[in-house]
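>>> Sequence and computational prediction follow.
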Amino acid sequence: MKLLILNGPNLNFLGIREPAIYGKETYEDLLALIRLHAEKRGVAVSFYQSNHEGDLVDAIQKAYFDKIDGIVFNPGAYTHTSIAIADAVKAVGIPTVEVHISNVKEREPFRQVSYIGLVATASVIGEGLQGYLHAMDILIDNA
Ligand code: DQA
């Protein structure tokens, strides 16, 4: 099984950005955590992060041609704005679990809308970096 771990804008700034909300662990720490979990669960993982909406659409389309079995996706702020990214997830038909490190449900009103949530298989919200591992488990256990 091949999983793509996809991260949107500002997630490369983990550890630097608002540590009270997103924690002190870095993007590299996140990748290490995921690699370890992938090894434990016997799945292959690839990673992509971009700050650009179109790049994320391209990465989702590439996942189709690369025969990716599942996507763990934290679209960052594009969660709340991007119909193009939601359309791409729908277009490729690859099971996708939305992840948010913070509990967006208890934050600003503009974070209450998720276009990705409308097309995702499941959403994991407010579990910190562990949420990525939970999302992997959902994809693996439902394969
Ligand atoms: C986030 C929540 C989004 O609202 C925010 O724009 C992010 C990160 C999270 O992981 O909690 O960039 O997706």
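Received, thanks. Numbering: from 1, shown residues only.
>>> Centroid-nearest residue for this structure?
F73 (1.8 Å; CA atoms, centre = their mean).
>>> Pretty sure it sits in a helix.
No - membership of F73 in a helix is not supported by DSSP: H, G, I helix; E, B strand; the rest coil, which gives strand.
>>> what's the neighbour count on I16?
A count of neighbours around I16, defined by other CB atoms under 10 Å, yields 12. C-beta: built from backbone N, CA, C; applies to glycine.
>>> coming back round to it: ok, now which ones touch the residue nearest to the centre of the chain?
L6, N7, G8, V89, T96, V97, E98, V99, I116, A120 (CB atoms under 8 Å, 6 or more residues apart in numbering).
>>> Give me every residue in the chain lying close to the ligand.
Residues of the chain lying near the ligand by CB under 6 Å from any ligand atom: N10, N74, G76, A77, T79, H100, I101, S102, V104, R111.
>>> follow-up on the earlier one: specify the local secondary structure of the closest residue to the residue nearest to the centre of the chain other than its chain neighbours.
Among residues not flanking F73 along the chain, L6 sits closest, at 4.6 Å (CB to CB, 6 or more residues apart in numbering). With three-state DSSP as the basis, L6 sits in strand.
>>> Quick check on the residue sitting furthest away from the middle of the chain: phi, psi?
Within the chain, the residue lying farthest from the chain centre (CA atoms, centre = their mean) is P109, at 21.1 Å. Dihedral pair for P109: phi -60, psi -40, per degrees, to the nearest 10.
>>> ok, now how distant is the residue nearest to D66 when sequence neighbours are not counted from the ligand?
Spatial nearest neighbour of D66, chain neighbours left out: K2 (7.4 Å); criterion: CB to CB, 6+ apart. Separation of K2 from the ligand (CB to the nearest ligand atom, to the nearest Å): 23 Å.
>>> and which of the contacts of F73 is nearest Q130?
V99 (10.0 Å; CB to CB).
>>> Could you give the average pLDDT over stretch 25-40?
Averaging pLDDT along stretch 25-40 gives 98.
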